[in-house]
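Undergrad: Sequence plus the predicted model coming up.
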Amino acid sequence: AVLHCTSFLQDFSTFYLHLDVTPCLCVILSFRLLTRLQTSASTLRTLLSNSFSQNIPSCLWKLGRLNHVAIAVPDLDKAQSLYKDVLGAQVSETVALPEHGVYTVFVELGNTKLELLHPLGEKSPIASFLQKNKTGGMHHICIEVDDIKAAMAELKKKKIRILSEEPKIGAHGKPVIFLHPKDCHGVLVELEQA
Ligand SMILES: C[C@@H](C(=O)O)C(=O)SCCNC(=O)CCNC(=O)[C@H](O)C(C)(C)COP(=O)(O)OP(=O)(O)OC[C@H]1O[C@@H](n2cnc3c(N)ncnc32)[C@H](O)[C@@H]1OP(=O)(O)O
């Protein structure tokens with residue numbers, strides 16, 4: 001393309017010389033033409049790269065909004081009362097989820113929620129957490145994804161440990177998985193199918 005442009009410019013200059021235009025004017029006109037050619041080449045490059053990036057998805061799944069932050073608490077009634085009576089938030093009833101080994105209470109915050117967690121049963125993951133954190137503490141964050149199966153496939157490839165073979169049905173009746181805190185900078189991460 002460069003060779004074509006160069007020879008075209010040479011022909012173009014010769015043409016102007018034949019017309020008896022001064023060499024100086026000829027150089028100016030050639031320079032203008034070259035600038036135009038460069039501009040259209042860069043515009044073309046931008047257009048091509050835009051259309052490619054629209055057609056090829058960088059990722060087959062997308063991370064969405066923060067669904068909730070979960071807090072493990074040793075006394076669910078006291079924690080419920082703090083958010084409802086002291087802080088004035090809208091607070092749900094207590095719901096037992098035996099398949100997860102937890103009692104849950106949701107605190108509505110408008111842009112997201114808090115999930116208060118208390119152990120249910122002897123094998124509850126919250127029981128071992130509370131043994132190490134006697135007064136309670138932040139247990140996990142939950143982020144929505146648009147395709148949990150695609151997320152699992154990609155995260156497995158990237159060696160992020162997923163804490164169950166298959167998604168479980170979470171507190172909102174939707175499939176969820178948990179990612180190992182040691183692979184997520186010390187934070188247990190739950191992904192929920194939006
Ligand atoms: C209803 C549902 C929903 O919202 O939809 C729920 O919430 S269910 C919520 C409850 N379900 C879950 O949590 C399911 C996923 N969780 C799990 O599989 C487990 O709890 C693990 C996260 C793998 C931890 O297992 P386990 O307590 O047996 O192991 P461990 O005590 O030896 O912990 C291994 C290391 O991870 C750290 N570790 C443990 N739990 C952690 C947590 N929540 N956040 C950050 N780090 C944590 C420990 O300090 C330890 O680090 P060091 O070695 O440095 O001391």
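TA: Sure thing, it's come through. Numbers count the residues shown, from 1 in each chain.
Undergrad: Around the ligand, which positions in the chain sit nearby?
TA: In this structure, the chain approaches the ligand at residues 70, 97, 100, 102, 104, 115, 117, 125-126, 128-129, 139-140, 142, 163, 170-171, 176, 178, 180-182, 186, 188, 190, judged by Cβ under 6 Å from any ligand atom. (Glycine included, C-beta is placed from N, CA and C.)
Undergrad: Can you flag the buried ones in these?
TA: Among those, those classed as buried by 16 or more other Cβ atoms under 10 Å are 70, 100, 102, 104, 115, 117, 125-126, 129, 139-140, 142, 170-171, 176, 178, 188, 190.
Undergrad: Keep only those of those that are in helices.
TA: 125, 126, 129 (DSSP state H).
Undergrad: Just name the closest of the residues you listed to residue 110, please.
TA: Residue 110 lies nearest to residue 126 out of these, by Cβ to Cβ, at 25.9 Å.
Undergrad: In space, what's closest to that closest one - neighbours in sequence excluded?
TA: residue 119 (4.2 Å; Cβ to Cβ, 6 or more residues apart in numbering).
Undergrad: mind listing what that neighbour touches?
TA: For residue 119, the contacting residues are 101, 102, 103, 126, 127, 130, by Cβ atoms under 8 Å, 6 or more residues apart in numbering.
Undergrad: Could you list the low-pLDDT ranges of the chain?
TA: Scanning the chain with the threshold set as pLDDT under 70 gives 1-58.
Undergrad: 80 - rerun?
TA: 1-59 (pLDDT under 80).
Undergrad: Domain map for the protein?
TA: As assigned by automatic domain parsing, the chain contains the domains 2-59, 63-145+160-193.
Undergrad: In strands, which of the residues of the chain next to the ligand appear?
TA: Mapping the residues of the chain next to the ligand onto strands (DSSP state E) picks out 70, 97, 102, 104, 115, 117, 139-140, 142, 176, 178, 188, 190.
Undergrad: What is the nearest of these to residue 158?
TA: After measuring these against residue 158 - Cβ to Cβ - the closest member comes out as residue 178, at 15.9 Å.
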